[in-house]
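1. with the input below, show me the fold.
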Amino acid sequence: MNANFVGILDRLIAFDTVSSRSNLSLIHWIGDYLRQYGVVVDVVPAPDGQPKANLWATIGPKHDGGIALSGHTDVVPVEGQPWSSDPFKLVETNERFIGRGTSDMKGFIALCLALVPDMVAKPLKTPLHFAFSYDEELGCLGAPHLLKAIGENLPKPRIAIIGEPTGMKLGVRHKGVYSFETRITGKDGHSSQPERGLNAIGLAAEVMSEMARIYRGIQADGPFDRSFDPPHCSFNIGHIDGGTAVNIIARECRFLWDFRAIPGGHPDQILKPLLAFTEKRLKELRTLQPVADIVTTPRVSSPPLVEEHEGAAEALLKHLTGANDTVSLPYATEAGQFQQAGMSAIVCGPGHIAQAHQPDEFIDKEQLAACDAFLRRLIDWARAN
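-> Next comes the predicted model:
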């Protein structure tokens, strides 16, 4: 690996870019590093005033086409995890590097940055782009703003390689993730007279029971894709809160849920029958309690990665890695967003997802060496093609 790699990874890990915090210090550090090599950097800030930003940089010709190397700069929280060392201080052993983000996915970003001197040493015929995003861990929230800028005033790549940890296997498909909030409004009152009010928690239980019934139909009827586990779209309620006190009829209740769609699946599989149920139930309830309401609103929408069957990204990575097989990934990434923006997308990066989000998160040196070798072959290819 490049001699600068360890120093770069150490610096990236030291930035506490847990998604609830700003990533601007890291983005500015990367920008300053790239400018030392004459690389033009575009910082694409979050549009809502958050102290966060995406980073875009191009090495080589400034025109459409080329290869985007994509990684997210945020990491998941460390609170409550039994780390044996400071999560934001890189620890090196004979076989691995330990620290929050080593696997997911600052190791990949550090490899890309460490190879910048090689990228600029001789002219490239095909441009290489860096696309570093924010808030991927919250539902791939940052990449759409970067992709909007690419569509408007930044050169559009032909291929996007998302360096999530796949063990350097070629991830050509993954599920999409869509999350929602369902908010229930009832009528409060004294708990000794429940018939005079409308308990929002009880109504929420009705709604969740109906959602479970709908999901059983999806489990039974599909559609199915046996390359995934489970082999169908899935549904989970992950958070609920409501009510104010045990002796008050609950006026409000809300719950958060997500839907994981296989390629070809869509959250309408649960949303449409859910809407039909809630409309019918509200019509009944409002004859007695006009304030009754059930509203479901989207929170996150990140589409599946659909296999392109020998598409440009798959063909290039098979050529550069020598791999013949592809894999389906159980987790969502930004690849589906890049694909929907018109690029051939694939997921391939060092490390394993089982090492991510864990205490003492780590990445094996042999994985980093394999990715380093792949990136060097990509640079050679971009110089010749």
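2. could you count how many residues lie near residue 349?
-> 29 (other C-beta atoms under 10 Å). The C-beta positions use only the backbone N, C-alpha and C, and glycine is treated the same way.
3. can you map out the helices along the chain?
-> 5-14, 24-35, 107-114, 116-121, 143-152, 200-221, 268-285, 312-321, 335-340, 365-384 (DSSP state H).
4. for the second one, which positions count as buried?
-> Spelled out, that is helix 24-35. 24, 26, 27, 29, 30, 31, 33, 34 (16 or more other C-beta atoms under 10 Å).
5. packing partners of it?
-> Where contact means 3 or more C-beta pairs under 8 Å, 6 or more residues apart in numbering; DSSP states H and E, helix 24-35 is packed against helix 5-14, strand 40-45, strand 53-59, helix 107-114, strand 128-133.
6. what does the last one contact?
-> To tie it back to what came earlier, the one meant is strand 128-133. For strand 128-133, the external contacting residues (C-beta atoms under 8 Å, 6 or more residues apart in numbering) are 27, 30, 34, 54-60, 66-73, 109, 112, 119, 142-143, 146, 155, 157, 160, 334, 378-379, 382.
7. including mean pLDDT and distance to residue 182, could the helices of the chain go into TSV?
-> Listed next are the helices of the chain as TSV, based on pLDDT from 0 to 100; distance: least, C-beta to C-beta, whole Å:
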stretch	mean pLDDT	distance to residue 182
helix 5-14	96	38
helix 24-35	97	34
helix 107-114	97	36
helix 116-121	95	47
helix 143-152	92	24
helix 200-221	96	6
helix 268-285	96	8
helix 312-321	94	37
helix 335-340	95	24
helix 365-384	96	41
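8. and these as a markdown table, adding distance to residue 358?
-> Output for these, formatted as a markdown table (distance: least, C-beta to C-beta, whole Å):
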| stretch | distance to residue 358 |
| --- | --- |
| helix 5-14 | 15 |
| helix 24-35 | 21 |
| helix 107-114 | 14 |
| helix 116-121 | 30 |
| helix 143-152 | 24 |
| helix 200-221 | 29 |
| helix 268-285 | 31 |
| helix 312-321 | 26 |
| helix 335-340 | 23 |
| helix 365-384 | 16 |
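9. any idea which of these gets closest to residue 88?
-> Of all these, the one in closest proximity to residue 88, counting by C-beta to C-beta, is helix 5-14 (5.7 Å).
10. ok, residue 108 touching residue 71?
-> Yes - counting by C-beta atoms under 8 Å, residue 71 is a contact partner of residue 108 at 5.1 Å.
11. where do the contact lists of those two overlap?
-> For the pair residue 108 and residue 71, residues contacting each of them under the criterion C-beta under 8 Å, 6+ apart are 163, 349.
12. quick one: which of the two has more around it?
-> Set residue 108 next to residue 71 and count neighbours by other C-beta under 10 Å: residue 108 wins out with 29 against 25.
13. what sits closest to residue 306 if chain neighbours are left out?
-> In space, and not counting its chain neighbours, residue 306 is closest to residue 263: 4.4 Å by C-beta to C-beta, 6 or more residues apart in numbering.
14. report the separation between that neighbour and residue 269.
-> 13 Å (C-beta to C-beta, to the nearest Å).
15. outline the domain layout of the protein.
-> 5-174+304-384, 176-302 (automatic domain parsing).
16. was I right about residue 45 contacting residue 56?
-> No - contact criterion C-beta under 8 Å: residue 45 and residue 56 do not qualify, at 11.7 Å.
17. so what sits against both of these two?
-> Joint contacts of residue 45 and residue 56 (C-beta under 8 Å, 6+ apart) do not exist.
18. out of the two, which sits in the busier spot?
-> Ranked by neighbour count (other C-beta under 10 Å), residue 45 and residue 56 place residue 56 first, with 20 against 15.
19. got a list of what the more buried one touches?
-> 41, 42, 43, 44, 129, 130, 131, 132, 146, 149, 150, 154.
20. ok, now residue 40?
-> 57, 58, 62.
21. tell me which of the domains of the chain is the most buried.
-> domain 5-174+304-384 (a mean of 20; mean count of other C-beta atoms under 10 Å).
22. please tell me how far residue 84 sits from residue 77.
-> Residue 84 is 17 Å from residue 77, by C-beta to C-beta.
23. for residue 171, what are its contacts?
-> When the contact criterion is C-beta under 8 Å, 6+ apart, the partners of residue 171 are 164, 305, 326, 327, 328, 329, 333, 335, 346, 347, 348.
24. tabulate the residues you listed in JSON lines, adding columns for distance to residue 97.
-> Shown next, in JSON lines, are the contacts of residue 171 (distance: C-beta to C-beta, whole Å):
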{"residue": "164", "distance to residue 97": "17"}
{"residue": "305", "distance to residue 97": "28"}
{"residue": "326", "distance to residue 97": "27"}
{"residue": "327", "distance to residue 97": "24"}
{"residue": "328", "distance to residue 97": "28"}
{"residue": "329", "distance to residue 97": "23"}
{"residue": "333", "distance to residue 97": "22"}
{"residue": "335", "distance to residue 97": "25"}
{"residue": "346", "distance to residue 97": "25"}
{"residue": "347", "distance to residue 97": "21"}
{"residue": "348", "distance to residue 97": "19"}
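25. for the closest residue to residue 6 other than its chain neighbours, give its distance to residue 99.
-> Nearest residue to residue 6, sequence neighbours excluded (C-beta to C-beta, 6+ apart): residue 92, at 7.0 Å. Going from residue 92 to residue 99 by C-beta to C-beta gives 9 Å.
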